[in-house]
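1. I'll drop the sequence and a predicted model, then ask my questions.
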Amino acid sequence: MATSCAHCMKHRSVLKRCSRCKQASYCGKACQNAAWKEHKKTCKTLQDVRELVRVAKRASDWRGVLKWGGRMDELVEGMSDDTGRDGVLSTFMKAHMELDSTDGVLMIELRRFDLLGKMERFRDQGRALCHIAHCHHSLGRPQEAERCFQRARDIGAAHGFFSVECKACEGLGYLAMREGRHQEGVDLLHNALAGPCPRLPWSLNSYRQPLNPEPSTPRQLLR
């Protein structure tokens with residue numbers, strides 16, 4: 001998937017990431033050096049946050065990640081590369097999930113939804129919508145939850161992501177059952193069970209897998 005250099009903004013199929021923060025991506029050494037004056041303002045903070053995430057095991061550790069929450073916008077804006085922006089948001093989202101912060105997850109996933117669409121990462125966009133739907137349900141907004149699950153189902157169907165369709169069908173099925181639409185709920189749950197989709201219990205504790213960028217092995221730049 002092509003993305004843009006954090007300095008010259010040219011689209012490339014392969015970019016090289018900063019070996020320190022692992023977020024900003026560049027065409028090569030020349031662009032990295034040219035961007036360093038601005039990038040160094042956020043590079044060290046990104047390293048610190050990444051290290052906190054790497055070693056985090058307890059709630060107190062994740063609270064340590066969120067102490068940087070006030071700089072989240074600054075860190076996001078410091079990444080002119082969309083993959084870097086998503087990496088920053090995903091880091092903070094995982095901390096919110098681990099601490100069962102529904103409002104925090106909702107805030108970040110709403111931002112990631114538009115970004116993932118721009119990056120044409122439709123599978124992750126559908127998964128983000130399912131997270132958003134769950135947050136709306138937890139906050140007592142079942143109609144918003146149903147709309148999000150339905151949209152996630154449409155995205156899965158449009159782009160051939162059967163697992164996203166199944167996850168969305170399961171969410172829609174549970175909502176229908178809770179509202180007394182039993183036959184509709186049963187049909188939806190049968191559709192969900194038709195594919196390789198994990199169960200979707202109504203608890204934020206169940207969401208332990210972050211929405212990370214697609215796996216990649218870019219060449220790293222050494223300083």
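-> Arrived safely, thanks for sending.
2. drop to CA atoms for contacts and neighbour counts, all remaining ones
-> OK.
3. What ranges does the chain have for its strands?
-> Under the criterion DSSP state E, strands of the chain are mapped to 3-4, 11-12, 16-18, 25-26, 220-221.
4. Now these in JSON lines, please, with extra columns for distance to Leu106.
-> JSON lines is the format used below for these (distance: least, C-alpha to C-alpha, whole Å):
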{"stretch": "strand 3-4", "distance to Leu106": "26"}
{"stretch": "strand 11-12", "distance to Leu106": "30"}
{"stretch": "strand 16-18", "distance to Leu106": "29"}
{"stretch": "strand 25-26", "distance to Leu106": "27"}
{"stretch": "strand 220-221", "distance to Leu106": "33"}
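5. now the residue sitting furthest away from the middle of the chain: how far from Leu189?
-> Most distant from the centre of the chain: Gln183, at 33.1 Å, with distances by C-alpha atoms, centre = their mean. Computed as C-alpha to C-alpha, to the nearest Å, the Gln183 to Leu189 distance reads 10 Å.
6. ok, back up a step: indicate which one of the strands of the chain is closest to Leu66.
-> Closest to Leu66 of those is strand 16-18 (C-alpha to C-alpha; 23.2 Å).
7. For that closest one, what does the pLDDT average out to?
-> Here strand 16-18 scores 84 as its mean pLDDT.
8. ok, and the closest non-adjacent residue to Arg112?
-> Among residues not flanking Arg112 along the chain, Asp86 sits closest, at 6.7 Å (C-alpha to C-alpha, 6 or more residues apart in numbering).
9. Hmm, I typed the wrong one, I wanted Ala95.
-> According to C-alpha to C-alpha, 6+ apart, the nearest residue to Ala95 is Trp62 (5.3 Å).
10. Same question for Glu77.
-> Closest residue in space to Glu77, ignoring its immediate chain neighbours: Arg85 at 7.5 Å, by C-alpha to C-alpha, 6+ apart.
11. residues in contact with that neighbour?
-> Gln23, Leu75, Val76, Glu77, Met79 (C-alpha atoms under 8 Å, 6 or more residues apart in numbering).
12. I'd like to know how many residues surround the last one.
-> Pointing back at Met79 there. By other C-alpha atoms under 10 Å, 22 other residues sit near Met79.
13. That one contacts Ala6, doesn't it?
-> Yes. Proximity of Met79 to Ala6 meets the contact threshold set by C-alpha atoms under 8 Å, at 6.8 Å.
14. give me the number of residues near the residue nearest to Arg112?
-> With other C-alpha under 10 Å as criterion, Asp86 counts 23.
15. All set, thanks.
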